Structure formats: structure tokens, C-alpha cells
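[1] got a structure for you, letters missing:
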């Protein structure tokens with residue numbers, strides 16, 4: 001279901017607090033704040049589209065150690081205090097501050 005952004009309409013007509021509501025596309029547009037009863041209007045905002053350059057795709061790609069190595073990155077993960085183990089890429093297998 002989509003997430004819609006609404007804003008409170010202040011008595012002088014200026015925009016007030018913004019909040020998000022998850023609604024079906026077939027649900028009627030809200031005219032009152034669900035908690036306070038103040039007048040609200042729906043705000044047009046950019047849609048979230050997951051694709052090749054989205055945040056979710058970047059997280060998926062950067063969490064794949066083999067892919068990171070293929071892209072030329074080296075990834076180290078902290079294994080104990082002052083010690084890091086290589087998980088992807090070139091370089092020493094272990095980095096230690098000792």
C-alpha cells in the first residue's frame with residue numbers, strides 16, 4: 001500500500017505539521033488529522049521507485065562480499081578489539097592495531 005504525505009492547514013492558511021499515512025489507493029483522501037481533528041490536505045511528493053540506482057539496490061549490492069571484490073573494493077569486518085578480518089577484495093587477510 002502507498003504511503004501518503006499530509007500536512008495540517010493552519011487557521012491562517014499556511015502549511016503546518018506534515019505526517020505520513022499508509023492508505024489504499026481506493027481509500028478517500030483525508031480531510032482531518034486522524035488524532036487532532038485539524039484540517040489537512042494531501043501533499044504531492046516524489047514516489048519511491050526501487051530500481052538499479054535505488055537505496056535498496058545499493059544496500060543489496062554492498063552487502064554482497066563477492067560482488068564488492070569483483071568491483072575492486074576491499075571490505076574488512078571488525079572481529080575483536082583492534083582486529084579486522086578481510087571479507088572481500090585484495091589486501092592483507094588481517095589488520096591489527098597490535
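    Noted; the coordinates are in hand. Just so you know, these numbers come straight off a predicted model, no measurement behind them. Numbering: from 1, shown residues only.
[2] pLDDT wise, what is the most centrally placed residue in the chain at?
    For the chain, residue 55 is the residue whose C-alpha lies nearest the centre (C-alpha atoms, centre = their mean; 6.5 Å). Listed pLDDT for residue 55 reads 75.
[3] Where do the helices of this structure begin and end?
    Listed in chain order, the helices of the chain (DSSP state H) span residues 55-62, 65-70.
[4] Tell me the buried residues in the shortest one?
    If I follow you right, that is helix 65-70. Residues of helix 65-70 classed as buried under the neighbour-count rule (16 or more other C-beta atoms under 10 Å) are 68-69. (Each C-beta comes from the backbone N, C-alpha and C, glycine too.)
[5] domains for this structure, by residue range?
    With domains defined by automatic domain parsing, the chain comprises 3-43, 64-96.
[6] Ranked by average pLDDT, which of those domains falls at the bottom?
    Of all the domains of the chain, the segment with the smallest mean pLDDT is domain 64-96, scoring a mean of 88.
[7] returning to that earlier point: can you tell me how far the residue nearest to the centre of the chain sits from residue 38?
    Using C-beta to C-beta, to the nearest Å, one gets 32 Å for the distance from residue 55 to residue 38.
[8] what does residue 66 give?
    From residue 66 to residue 38 the distance is 52 Å (C-beta to C-beta).
[9] do residue 28 as well
    Computed as C-beta to C-beta, the residue 28 to residue 38 distance reads 17 Å.
[10] These two: which is more packed in?
    Using other C-beta atoms under 10 Å as the criterion, residue 28 and residue 38 rank with residue 38 on top: 13 against 7.
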